[in-house]
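Student: coords below, sequence missing:
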């Protein structure tokens, strides 16, 4: 709006919509803007106004369709009808000249606090920033495609983009072009990831998928980088459904010992999916690709079929190193 006011009445005057598209990549109508909502009289139905604003944002930004919260604001008014306006006023303390990255930091802060409140279960969608940053610094994703087959809320992608911003001066052409691909089993977590991309200005494609049985990006040999923190020690993956999948069988499939097989009565499962994930990371890379992953400590000395897979990976010179975290 500041630029519009400066140009108004001059030969360089432009419609607000044109300025918005130049600066932000999209335009929002008046009723979808924060300043409009903040100026509404408190006796008005603020929750309804916010919902209409969210609908308008989704209309002008189709990649957010079905992602933004809408009905939650009505639930807040059950105890106190003034809560939606109070929330809007809280955001008025953010400086108008705040860099776009600030909103990403705010979003990450709330994700982290929610993960702590959830305890161990929060780890399903959030990996501590310090761990992710270490992984990113190791593989150095300057440009290209980044894949996370268990992307949670998308923290790996955000740190990859921050790496590019920190090291932009080192790049030959002064620019880093990154596109991210993510898969996540839980729909609500997919929404968190898509929001994370939006507030951090990242380009990408996040899909809801069970990575064990679905491959929406045809991932074999497709990506420059793979970053992920997958679920550990999963023991209910159907062997029949994964043993012929080249994503998982290229370096060997984890199998149960003979005695344990007999108890399955034809419904054999993979004893531990850790090495399915390790296979997936290796097979998803292009020939010169790099991967970093978080894995249970037990994976480094697992025996039987897992040990054979580990030997194969080492013989093929696919393991650069491991770090043990406390």
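Tutor: Alright, I've got the coordinates. None of these values were measured; they are calculated from a predicted model.

Student: all strands of the stretch 201-326 of the chain, in order?
Tutor: 204-208, 223-228, 285-293 (DSSP state E, counting those that start in this stretch).

Student: poorly predicted segments of this structure, please.
Tutor: Along the chain, the model assigns pLDDT under 70 to residues 1-13, 16, 19, 22-26, 96-104, 112, 114-126, 169-176, 258-266.

Student: ok, and what's touching stretch 80-99?
Tutor: Taking contacts as CB atoms under 8 Å, 6 or more residues apart in numbering, the residues outside stretch 80-99 that touch it are 34, 37-38, 40, 42, 46-47, 50, 73, 76-77, 102. To be clear about C-beta, it is placed using only N, CA and C from the backbone, and glycine gets the same treatment.

Student: mark which of these are buried, thanks.
Tutor: Among the contacts of stretch 80-99, the ones that count as buried by 16 or more other CB atoms under 10 Å are 37, 40, 46-47, 50, 73, 76.

Student: from residue 90, how far out is residue 136?
Tutor: The gap separating residue 136 from residue 90 is 31 Å, by CB to CB, to the nearest Å.

Student: ok, back up a step: and the contacts of stretch 80-99, which two are furthest apart?
Tutor: Spanning the widest gap among those are 77 and 102, at 28.5 Å by CB to CB.

Student: can you pull the contacts of the most centrally placed residue in the chain?
Tutor: What sits nearest the mean C-alpha location of the chain, by CA atoms, centre = their mean, is residue 154, with 1.6 Å. Contact analysis of residue 154 by CB under 8 Å, 6+ apart lists 148, 180, 182, 192-194, 196-197, 202, 206.

Student: make CSV out of those residues and add secondary structure.
Tutor: Below are the contacts of residue 154 laid out as CSV (DSSP: H, G, I helix; E, B strand; the rest coil):
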residue, secondary structure
148, strand
180, strand
182, strand
192, helix
193, helix
194, helix
196, helix
197, helix
202, coil
206, strand
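
Student: in those residues, which residue is surrounded by the most others?
Tutor: residue 182 (30 neighbours; other CB atoms under 10 Å).

Student: neighbours of residue 55, how many?
Tutor: Neighbours of residue 55 (other CB under 10 Å): 14.

Student: so what sits opposite the nearest residue to residue 135 once chain neighbours are set aside in the bridge?
Tutor: Of all residues not flanking residue 135 in the chain, residue 292 sits nearest, at 3.9 Å (CB to CB, 6 or more residues apart in numbering). According to DSSP bridges, the partner residues bridging residue 292 are residue 227.

Student: skipping adjacent residues, who's closest to residue 65 in space?
Tutor: Per CB to CB, 6+ apart, closest to residue 65 is residue 58, 4.9 Å.

Student: most tightly packed of the strands of the stretch 201-326 of the chain?
Tutor: strand 223-228 (a mean of 26; mean count of other CB atoms under 10 Å).

Student: ok now it, how far from the chain's centre?
Tutor: The chain centroid and the centroid of strand 223-228 are separated by 13 Å under CA atoms, centre = their mean, to the nearest Å.

Student: I would like the residues contacting that strand, please.
Tutor: Contact partners of strand 223-228, identified using CB under 8 Å, 6+ apart, comprise 132, 135-136, 139, 141, 143-151, 156, 160, 181, 277, 281, 284-286, 288-294.

Student: residue 191: helix or strand, and which one exactly?
Tutor: helix 187-199 (DSSP states H and E).

Student: now the helices for the stretch 151-300 of the chain?
Tutor: Taking DSSP state H, counting those that start in this stretch as the criterion, the stretch 151-300 of the chain carries its helices at 155-166, 187-199, 239-242, 246-249, 258-263, 274-283.

Student: hmm, back to that, out of residue 136 and residue 90, which sits in the busier spot?
Tutor: residue 136 (24 against 9).

Student: residue 267 versus the more buried one, what's the distance?
Tutor: 40 Å.

Student: try residue 275
Tutor: For residue 275, the distance to residue 267 - CB to CB - is 20 Å.

Student: could I get the phi/psi values of residue 319?
Tutor: phi -100, psi 120 (degrees, to the nearest 10).

Student: let me know whether it touches residue 309 as I believe.
Tutor: No. With contacts counted by CB atoms under 8 Å, residue 319 stays clear of residue 309, the gap being 11.2 Å.
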